[in-house]
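1. Model the structure of this input:
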Amino acid sequence: MSTSINKLSIVLITFNSQKYLNQVLTSCKFADEIVVVDSHSTDKTIEIAKKHNAKIYTIDWMGFGKQKQKALDLAKNDWVFVLDSDEVITKKLQEEILQILKNPSHHAYYVPRLNYFFGKPVKRCGLYPDYTIRLINKNYAKFTPDEVHEKIVVDDKKVSYLRNHMIHYAYENVEQFIAKQNRYSTLNAKNSVLKAIFNPPWTFFKLYILKLGFLEGWRGFVISKLYSQYTFWKYIKKSL
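-> Sure, this is the predicted structure:
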């Protein structure tokens, strides 16, 4: 249990998330409450969550933004850390969070992520520090209702940054990367043939050259190429 003045809830949404869930929830043990909002998993997700004494709610899928907002609403504490089911809070980040909660100076905090691609951490291709708002006072913050690429909006813009990162197990292999980006490009599809032509090569150049992806070896090339392909899919799917 947290010994901080402000109690903390950690919330996450799940669906067939058993792969990393034990490691993820183990990293949440310092919180006063763990809330899991599940959308009818058929694997061992619920069994694992129960072992970690999480509060489990089964709710039909509403899209990422609405689902995460529901998880936020179910948290009993004002201070909430939003975690994905493939993310792990490091010991240093845990200590920093507890220190912040003793006397928060802002209503929300960006947290850096260290993304793992194909088994190794990647710090180039524009993928680090990959800041995202995760520690919030829910009285001043909410999720946008977007089906995908949802964001946390803070009412008064009082946002700061944490120093220590969490770990994100982004993609284990190329097939998983392609499948997820294909799904996301459908959900986020836009109608623009011109952007489908010109944006993909720019995306590759930016990630591989400007963001030093070439220093990551073959991983940097594959990541840059696949994000370029995602850009093409996103703009062409509604254009045909």
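2. May I see the buried residues of the worst-scoring helix or strand of the chain on mean pLDDT?
-> Taking mean pLDDT, DSSP states H and E as the measure, the chain has helix 174-187 as its least confident helix or strand, at a mean of 84. Buried residues in helix 174-187, counted by 16 or more other C-beta atoms under 10 Å: Phe177, Gln181, Tyr184, Ser185. Where C-beta positions appear, they are placed from N, C-alpha and C, glycine not excepted.
3. Run the chain-centre distance for it.
-> Put simply, helix 174-187 sits 15 Å off its chain's centre (C-alpha atoms, centre = their mean, to the nearest Å).
4. C-terminal to it, what's the next element?
-> Following helix 174-187 in sequence order, the next helix or strand is helix 193-205 (DSSP states H and E).
5. Return the distance of the residue nearest the centre of the chain relative to Phe214.
-> The chain has Asp84 as the residue nearest its centroid, 5.2 Å off, counting by C-alpha atoms, centre = their mean. With distances taken as C-beta to C-beta, to the nearest Å, Asp84 is found 29 Å from Phe214.
6. and the longest helix for this protein?
-> helix 218-236 (DSSP state H).
7. can you state the direction angle for that one and helix 193-205?
-> 170 degrees (axes from the mean of the first three to the mean of the last three C-alpha atoms, to 10 degrees).
8. List the buried residues in helix 218-236.
-> 219-236.
9. okay, the angle between that helix and helix 174-187?
-> Going by the same axes, to 10 degrees, helix 218-236 makes 20 degrees with helix 174-187.
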